[in-house]
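Trainee: Predicted model and sequence follow; I will ask about them next.
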Amino acid sequence: MPVALFPYEAAERYAAAGLAVFPCRSGGKEPLTRHGCRDATSETDVVRRMFDPLTVGLFPNIGCAVPPDGMVLDVDGPDGAASLAQLEAAHGPLPPTASVQTGGGGRHYWFLLPAGATARNSVGKLAPGLDIRADGGYVLLPGSRTADAYRWEGPDAIAPAPAWLLATPAPAPAATPMKGRRHQTLMKLGGKLLRDGLSPDGIRAALLVENQAYAEPKPEAEVLRIADYLATCPPDKADKAEAALHRETLLAAPPVDGAAMLADLTAFIRRFVVLSEPQSLLLALGIAHSWAYRQFDYAPIWHITAPEKRCGKSRLLEVVRLFAWQPWITGKTTAANLQARCADGCTLLLDETDAALEQDREYVAALRAILDCRFEADKPASLRVPNGPKGWESVDLDVFGPTWLAGIGQLPDTIADRSIPIMMRRKLKGEACEKLRKAA
């Protein structure tokens, strides 16, 4: 199962693995999105925006909508464990399957549903302390913390649900949108289907089926009007409508305490590298700036330097990579790749800068031009790029963005004038730093 050091990174890995996730309150289970688990998605670009630290804080919990072909047995505390032991004595043990040790001392057992089988969400209907989470419900994933951290345990594989678990009578149906939200939910679903290339007839049929699942369905004529409207929209307009709905969802999240977020990030940085508290706070501000740099006219270059090797420069870049917007960490690359990645938009994390500035003339010229223009908004970099049989041509690229450089020694004057230096040193006897990889 995907694991990572920070919730936003773990959420992206879960999404890449096909799980639909959404942010929940730090230390709790309450969704931070307007529609709860109905806003869950496995689209990594949307997940990245959902878990933006400037929107939901550094350490939100990770909610996961249970997939339609799956179910989770929630064993809650000693009562749940005792009930499960009685059921296993009567029906046989649960098959080995992926499970999660919850923050409250319980356990979530994940199962796959056999073809054609269904499960319903229930609380205590199976037995005291045993809940079922199925389609329409959600659980927290590792990367979350309540009283304690959530942790994956057992095998990675998810086993089929045993028949006796499925034979349990299921209670009330899953939650559906309230009146006033149905139109918005159907528009969002239809926009996604349009973007995915579904035909107008397919969109119409899907929305009718979705509407019938609601406790209070909309009149069929209204659903068809939504489908007919979407059928006339180009995909890019549907994308914008869905993006607007997503922004509205994020705006429903409670405000983030910026000072507390910076304090948490400052303390975290100092766990892994030797820096003063003012230096760490400055770096925390730099990371926050990477998420909002388009609101400023300048993006100063962060220059991590040291008088000798083994002072933690590369490790500090790894820490920054965990939090910065769209991080791209590299040491040696080609001029063409450097131009393309910076033009696409990224937080450039360039290690071994002293060696990079001693590469071939073409690369060094491109690097210096890009570093010069990444500092200031509306200052495109004029670069020569290959143009097939025509040879080379000059193009203007918008490369403005956050930049972090790490290396020994001084930068060229024109770059140094645009940089904020962070001087590092080796740790002294008695000073301790945690291993970044082991912290995961």
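Mentor: In hand now; what should we look at? Computed from a prediction, not measured in an experiment: that's the story for all the values here.

Trainee: What are the buried residues along stretch 411-423?
Mentor: 411, 415, 418-419, 422 (16 or more other Cβ atoms under 10 Å). Backbone N, C-alpha and C define where each C-beta goes, glycine included.

Trainee: May I have the distance across that stretch, first residue to last?
Mentor: One end of stretch 411-423 to the other measures 13 Å (Cα to Cα, to the nearest Å).

Trainee: from the buried residues of stretch 411-423, which single one is nearest residue 431?
Mentor: For the buried residues of stretch 411-423, the closest approach to residue 431 (Cβ to Cβ) belongs to residue 422, at 17.4 Å.

Trainee: residue ranges with poor pLDDT in the stretch 301-440 of the chain?
Mentor: 383-393, 437-440 (pLDDT under 70).

Trainee: Could you pull out the helices in the stretch 51-200 of the chain for me?
Mentor: Applying DSSP state H, counting those that start in this stretch to the stretch 51-200 of the chain gives helices spanning 53-56, 77-91, 163-166, 182-195, 200-212.

Trainee: Which parts of the stretch 201-350 of the chain are helices?
Mentor: Using DSSP H, counting those that start in this stretch, helices in the stretch 201-350 of the chain cover 220-231, 235-251, 258-270, 277-292, 313-323, 335-344.

Trainee: looking at those helices, which is buried most?
Mentor: helix 313-323 (a mean of 21; mean count of other Cβ atoms under 10 Å).

Trainee: Now tell me what touches it from outside.
Mentor: 5-6, 8-9, 53, 58, 265, 268-269, 272-273, 275, 283, 286-287, 304-306, 327, 329, 347, 349, 351, 404, 406-407, 422, 424, 436 (Cβ atoms under 8 Å, 6 or more residues apart in numbering).

Trainee: could you give the mean pLDDT of stretch 39-56?
Mentor: Regarding stretch 39-56, the rounded mean pLDDT is 87.

Trainee: Quote the end-to-end distance of that stretch.
Mentor: 15 Å.

Trainee: how does the chain divide up, domain by domain?
Mentor: 7-166, 182-251, 258-439 (automatic domain parsing).

Trainee: Can you tell me which of the ones you listed is most buried?
Mentor: Mean neighbour counts for those (mean count of other Cβ under 10 Å) peak at domain 7-166, with a mean of 18.

Trainee: Quick one: distance of that one to the chain centre.
Mentor: Counting by Cα atoms, centre = their mean, to the nearest Å, domain 7-166 is centred 17 Å from the centre of its parent chain.

Trainee: Can you measure across it, start residue to end residue?
Mentor: Note: domain 7-166 ends 32 Å apart using Cα to Cα.

Trainee: between the helices of the stretch 51-200 of the chain, which gets the lowest average pLDDT?
Mentor: Minimum mean pLDDT among those: helix 182-195, a mean of 73.

Trainee: Run the chain-centre distance for that helix.
Mentor: For helix 182-195, the distance to the chain centre is 22 Å (Cα atoms, centre = their mean).

Trainee: Report all helices and strands that it contacts.
Mentor: Contact analysis of helix 182-195 by 3 or more Cβ pairs under 8 Å, 6 or more residues apart in numbering; DSSP states H and E lists helix 200-212, helix 220-231, helix 235-251 as its packing neighbours.

Trainee: Rounded mean pLDDT for the longest one, please.
Mentor: Right, helix 235-251. The predicted model gives helix 235-251 an average pLDDT of 51.

Trainee: Stretch 100-111 now?
Mentor: 94.

Trainee: ok, and what's touching that stretch?
Mentor: 70-77, 80, 94, 97-99, 133, 139-142, 144-153, 158-162, 165.

Trainee: Distance across that stretch, terminal residue to terminal residue?
Mentor: 12 Å.

Trainee: follow-up on the earlier one: taking the contacts of stretch 100-111 one by one, which sit in strands?
Mentor: 70-75, 99, 133, 139-140, 151-153, 159-160 (DSSP state E).

Trainee: ok, those residues vs residue 218, which is closest?
Mentor: Using Cβ to Cβ, the ones in strands among the contacts of stretch 100-111 come closest to residue 218 at residue 133, 27.7 Å.

Trainee: any idea how far residue 226 is from the closest one?
Mentor: To residue 226, residue 133 is 30 Å away according to Cβ to Cβ, to the nearest Å.

Trainee: Bridged to residue 298, which residues?
Mentor: Listed beta-bridge partners, residue 298: residue 376 (assigned using DSSP bridges).

Trainee: now residue 225: how far from residue 315?
Mentor: Distance from residue 225 to residue 315, by Cβ to Cβ: 57 Å.

Trainee: now do residue 276
Mentor: Residue 276 is 16 Å from residue 315, by Cβ to Cβ.

Trainee: Please apply the same query to residue 378.
Mentor: On the measure of Cβ to Cβ, residue 378 and residue 315 end up 35 Å apart.

Trainee: same check, this time on residue 376
Mentor: Counting by Cβ to Cβ, the gap from residue 376 to residue 315 is 30 Å.

Trainee: could the helices of the stretch 51-200 of the chain be laid out in JSON lines, adding distance to residue 371?
Mentor: Listed next are the helices of the stretch 51-200 of the chain as JSON lines, based on distance: least, Cβ to Cβ, whole Å:
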{"stretch": "helix 53-56", "distance to residue 371": "25"}
{"stretch": "helix 77-91", "distance to residue 371": "56"}
{"stretch": "helix 163-166", "distance to residue 371": "59"}
{"stretch": "helix 182-195", "distance to residue 371": "37"}
{"stretch": "helix 200-212", "distance to residue 371": "47"}
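
Trainee: Tell me which of the ones you listed sits nearest to residue 431.
Mentor: Here helix 53-56 is closest among the helices of the stretch 51-200 of the chain (Cβ to Cβ), at 28.1 Å.

Trainee: helices and strands around that closest one, which ones?
Mentor: Counting by 3+ Cβ pairs under 8 Å, 6+ apart, helix 53-56 packs on helix 277-292.

Trainee: The helix it packs on vs helix 313-323, what angle?
Mentor: 40 degrees (axes from the mean of the first three to the mean of the last three Cα atoms, to 10 degrees).

Trainee: C-alpha coordinates for helix 277-292, CSV please?
Mentor: Taking C-alpha atoms only, helix 277-292 is exported to CSV below (Å, rounded to 0.1, in the frame of the first residue of the first chain):
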residue,chain,number,x,y,z
GLU,A,277,15.1,28.6,14.2
PRO,A,278,15.2,31.9,12.2
GLN,A,279,16.7,30.1,9.2
SER,A,280,14.1,27.4,9.4
LEU,A,281,11.3,29.9,9.7
LEU,A,282,12.7,31.7,6.6
LEU,A,283,12.7,28.4,4.7
ALA,A,284,9.1,27.7,5.8
LEU,A,285,8.1,31.1,4.4
GLY,A,286,9.9,30.2,1.2
ILE,A,287,7.9,27.0,0.9
ALA,A,288,4.6,28.9,1.5
HIS,A,289,5.7,31.4,-1.1
SER,A,290,6.0,28.6,-3.7
TRP,A,291,2.2,28.0,-3.5
ALA,A,292,1.4,31.7,-4.0
